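**Q** predicted model and sequence follow; I will ask about them next.
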Amino acid sequence: MNSTSSPSFSSRRKVWSTAGLVAASGLTLSVVAWAAGDQGKQQVSVKIDEQPLARSGVGESASYSPVIKQVAPSVVSVKVIARGKEISAEELPPFLTDPRFRQFFGTPYGLDEGQGNQGRRQGQGRQLPRRPDQQGEGSGVVVSADGYILTNNHVVNGADEIKVSFNDGRELTAKVVGTDPKSDLAVIKVDAKDLQAVVFTDSDKIEVGDKVLAIGNPFGLSQTVTSGMVSALGRATMGLDYEDFIQTDAAINPGNSGGALIDVKGRLVGINTAIYSRSGGFQGIGFAIPANLARTVMEQLVANGKVVRGYLGVTMQPIDAGLAEQFSLKSKEGVIVAEVVQGSPAAKAGLESGDVITKFQGKDVKDARALKFSVANIAPGTKVAVEVLRQGKTEKLELKVGEQPKDMALAARGGATKSEGTLNGVGVADIEPAARREFGISSRVQGALVTEVEPTSAAAAAGLQPGDVIQEINREPVRTAEDAVKLTESNESKKTLLRVWNRQGTRFVVVDETESS
């Protein structure tokens, strides 16, 4: 069971609870990624070469042709089509059904003859012509011999048809394996074998000044290569929830999105994503998603079809000179906890507002972004050591990382955490005044409001619906969402007896998860 303050992500095997997350002016640290490797799940086998570049004494190469020939078969063109949707009669402006309009211009296609709204009613369900199809192009990188391809989410988002073209002239149909809008990454797959996959390198080892090459299909042209260097690292300028871009002056133009940024040994450094431009064209600043982040997200999308992210349940604030003085800190390193979400992993571990996190898993915390990426490889449920300064004294805590809800907008209204329990795929929340008005819940009714029910869950089969109020679980009273979480955590049976209120009255419901387990 998931406890939320609004409809949100539901895990099939987890329970989660929410309280209030204050959206302060500081940085909200709640989004981290980790590598999935559960046995029995689909996995992708990639090539990795983490040897560092030999930088000393290296001169300009006369030609990078051998490197390009090595990588070119691994970079593809991605063409997408979003089918135009039919315009229904209900979408027509009211004036089109006005008798005076029809007297002069006739009856619009898709509407029956009739007068005024009568004609509109008779026309319901009949279709007007389709909107035009939308087409787009981008690039992708082959990451496995059996057809997995990395690209950008914005390249394939909303696509009804995807065609992948290889540099040997082949064109294959692709399907979407999974997308991650928060990092702007996506994985697609073609039905093929023995493809030439790119070799990944450790993007954490690249340095400003390293030579890089960008390969893609700009402006719908055939495969194109440009060169430049790493201009900066750790850029966070695109407004994504999860970003740590490599900045380069290698030309990246529209259509390059999803293409490869490689080093001089032909190894994948990053996935080309965006440019900074006032004209829409390249102006010397391009951005790529680091290969390490891309690989982590890719592995999860292949294994789970989604990206699972850790959740601490805190709002954090970077330390400036003024705060360092007020908190009696010797430097600006670390992060200040501005707010702790009630019931979150951070709250359960004992973190408090005003704490300064200085160490995470035994390593010094430089700033909030560094801490986020330190947590990036930690799976939800993992226990980690946290060291904080509290009123000048060092406190050592142990924190169990939670799982981030799918909709982070809910976190701004009341964060979420997870724990083991029953009633999988059910989201619950405390009953706020707005919810009482929306669902017509009397002030006399107490319990946990059901905000979400996964359609394939046992709870859905039992008839549980959003807007229901759970008042008892196994004959134990439920007054809050936290009560519901605790009772489901302690429930060892696969069958759960609920007493549920809705507008039709109160009833008992048995949720049988025996078959779904």
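**A** Yep, it's here. Residues are numbered from 1 along each chain as shown.
**Q** ok, what's across the strand from N502?
**A** Beta bridges link N502 to G505, judged by DSSP bridges.
**Q** contacting residues for it?
**A** By C-beta atoms under 8 Å, 6 or more residues apart in numbering, the contact set of N502 is 465, 467-469. Every C-beta, even on glycine, is put in place using the N, C-alpha and C of the backbone.
**Q** same list (the residues you listed) but as a markdown table, adding neighbour count, distance to D194 and secondary structure.
**A** Converted to a markdown table, the contacts of N502 look like this (neighbours: other C-beta atoms under 10 Å; distance: C-beta to C-beta, whole Å; DSSP: H, G, I helix; E, B strand; the rest coil):
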| residue | neighbour count | distance to D194 | secondary structure |
| --- | --- | --- | --- |
| Q465 | 12 | 50 | coil |
| G467 | 17 | 53 | coil |
| D468 | 26 | 53 | coil |
| V469 | 23 | 57 | strand |
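**Q** as a markdown table, the residues you listed with distance to E299 would be great.
**A** Formatted as a markdown table, the contacts of N502 follow (distance: C-beta to C-beta, whole Å):
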| residue | distance to E299 |
| --- | --- |
| Q465 | 36 |
| G467 | 38 |
| D468 | 37 |
| V469 | 40 |
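**Q** return the closest of those with respect to D355.
**A** Nearest to D355 among these, counting by C-beta to C-beta, is V469 at 35.9 Å.
**Q** who does the residue lying closest to G259 once chain neighbours are set aside form a beta bridge with?
**A** In this structure, G259 finds its nearest non-sequential neighbour in G216, 2.7 Å apart by C-beta to C-beta, 6 or more residues apart in numbering. Note on G216: beta-bridge partners T224, judged by DSSP bridges.
**Q** what's the pLDDT at G216?
**A** For G216, the pLDDT comes out at 86.
**Q** correct me, but D160 touches R83?
**A** Yes - counting by C-beta atoms under 8 Å, R83 is a contact partner of D160 at 4.4 Å.
**Q** mind listing the helices for the protein?
**A** 65-71, 99-105, 116-122, 153-156, 291-304, 321-326, 345-349, 368-375, 409-414, 433-439, 458-461, 481-489 (DSSP state H).
**Q** out of the ones you listed, which is closest to N167?
**A** Nearest of the helices of the chain to N167, taken as C-beta to C-beta: helix 65-71 at 10.1 Å.
**Q** before we move on, the earlier item: is it possible to get CSV of the helices of the chain that adds mean pLDDT and distance to K400?
**A** Shown next, in CSV, are these (pLDDT from 0 to 100; distance: least, C-beta to C-beta, whole Å):
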stretch, mean pLDDT, distance to K400
helix 65-71, 89, 42
helix 99-105, 56, 65
helix 116-122, 42, 58
helix 153-156, 88, 30
helix 291-304, 89, 20
helix 321-326, 85, 28
helix 345-349, 87, 6
helix 368-375, 76, 12
helix 409-414, 46, 18
helix 433-439, 79, 29
helix 458-461, 86, 25
helix 481-489, 84, 13
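**Q** turn those helices into JSON lines, including mean neighbour count and distance to I336.
**A** Below are those laid out as JSON lines (neighbours: other C-beta atoms under 10 Å; distance: least, C-beta to C-beta, whole Å):
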{"stretch": "helix 65-71", "mean neighbour count": "15", "distance to I336": "44"}
{"stretch": "helix 99-105", "mean neighbour count": "11", "distance to I336": "63"}
{"stretch": "helix 116-122", "mean neighbour count": "15", "distance to I336": "59"}
{"stretch": "helix 153-156", "mean neighbour count": "22", "distance to I336": "32"}
{"stretch": "helix 291-304", "mean neighbour count": "23", "distance to I336": "26"}
{"stretch": "helix 321-326", "mean neighbour count": "11", "distance to I336": "6"}
{"stretch": "helix 345-349", "mean neighbour count": "23", "distance to I336": "13"}
{"stretch": "helix 368-375", "mean neighbour count": "20", "distance to I336": "9"}
{"stretch": "helix 409-414", "mean neighbour count": "20", "distance to I336": "19"}
{"stretch": "helix 433-439", "mean neighbour count": "13", "distance to I336": "31"}
{"stretch": "helix 458-461", "mean neighbour count": "20", "distance to I336": "40"}
{"stretch": "helix 481-489", "mean neighbour count": "23", "distance to I336": "27"}
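**Q** and of the ones you listed, who's closest to G228?
**A** helix 65-71 (14.4 Å).
**Q** which other residues reach that closest one?
**A** Applying C-beta under 8 Å, 6+ apart, the external contacts of helix 65-71 come out as 198, 213, 215, 225, 260, 262, 264-266.
**Q** report the buried members of those residues.
**A** Buried by 16 or more other C-beta atoms under 10 Å: 198, 213, 215, 225, 260, 262, 264, 266, out of those.
**Q** what's the domain layout of the protein?
**A** Following the assignment in automatic domain parsing, the chain carries domains at 20-34+309-403, 35-48+64-80+135-305, 86-130, 422-512.
**Q** how near is T315 to G427?
**A** According to C-beta to C-beta, to the nearest Å, T315 stands 22 Å off from G427.
**Q** okay, those two: which has more neighbours?
**A** A count of neighbours by other C-beta atoms under 10 Å puts G427 above the other of T315 and G427, at 31 against 26.
**Q** excluding its backbone neighbours, what's nearest that one?
**A** E452 (3.4 Å).
**Q** what about that neighbour, how many residues close to it?
**A** 22.
**Q** CSV for the contacts of helix 65-71, including distance to R507?
**A** Converted to CSV, the contacts of helix 65-71 look like this (distance: C-beta to C-beta, whole Å):
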residue, distance to R507
V198, 57
L213, 65
I215, 62
V225, 67
A260, 58
I262, 62
V264, 69
K265, 67
G266, 65
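**Q** related to what we said a few turns ago, in JSON lines: the buried ones among the contacts of helix 65-71, plus distance to I246.
**A** Listed next are these as JSON lines, based on distance: C-beta to C-beta, whole Å:
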{"residue": "V198", "distance to I246": "16"}
{"residue": "L213", "distance to I246": "13"}
{"residue": "I215", "distance to I246": "15"}
{"residue": "V225", "distance to I246": "17"}
{"residue": "A260", "distance to I246": "12"}
{"residue": "I262", "distance to I246": "12"}
{"residue": "V264", "distance to I246": "15"}
{"residue": "G266", "distance to I246": "17"}
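**Q** the stretch 201-350 of the chain: strands as residue ranges?
**A** Under the criterion DSSP state E, counting those that start in this stretch, the stretch 201-350 of the chain contains strands at 211-216, 224-235, 245-248, 260-263, 267-275, 286-290, 309-311, 314-318, 335-340.
**Q** I'd like those as a markdown table, with distance to K175 appended.
**A** Listed next are the strands of the stretch 201-350 of the chain as a markdown table, based on distance: least, C-beta to C-beta, whole Å:
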| stretch | distance to K175 |
| --- | --- |
| strand 211-216 | 22 |
| strand 224-235 | 26 |
| strand 245-248 | 28 |
| strand 260-263 | 21 |
| strand 267-275 | 19 |
| strand 286-290 | 22 |
| strand 309-311 | 24 |
| strand 314-318 | 38 |
| strand 335-340 | 41 |
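**Q** out of those strands, which gets nearest to S144?
**A** Nearest to S144, of the strands of the stretch 201-350 of the chain and by C-beta to C-beta, is strand 267-275 at 12.5 Å.
**Q** now the closest one: how far from the chain's centre is it?
**A** Distance of strand 267-275 from the chain centroid (C-alpha atoms, centre = their mean, to the nearest Å) equals 19 Å.
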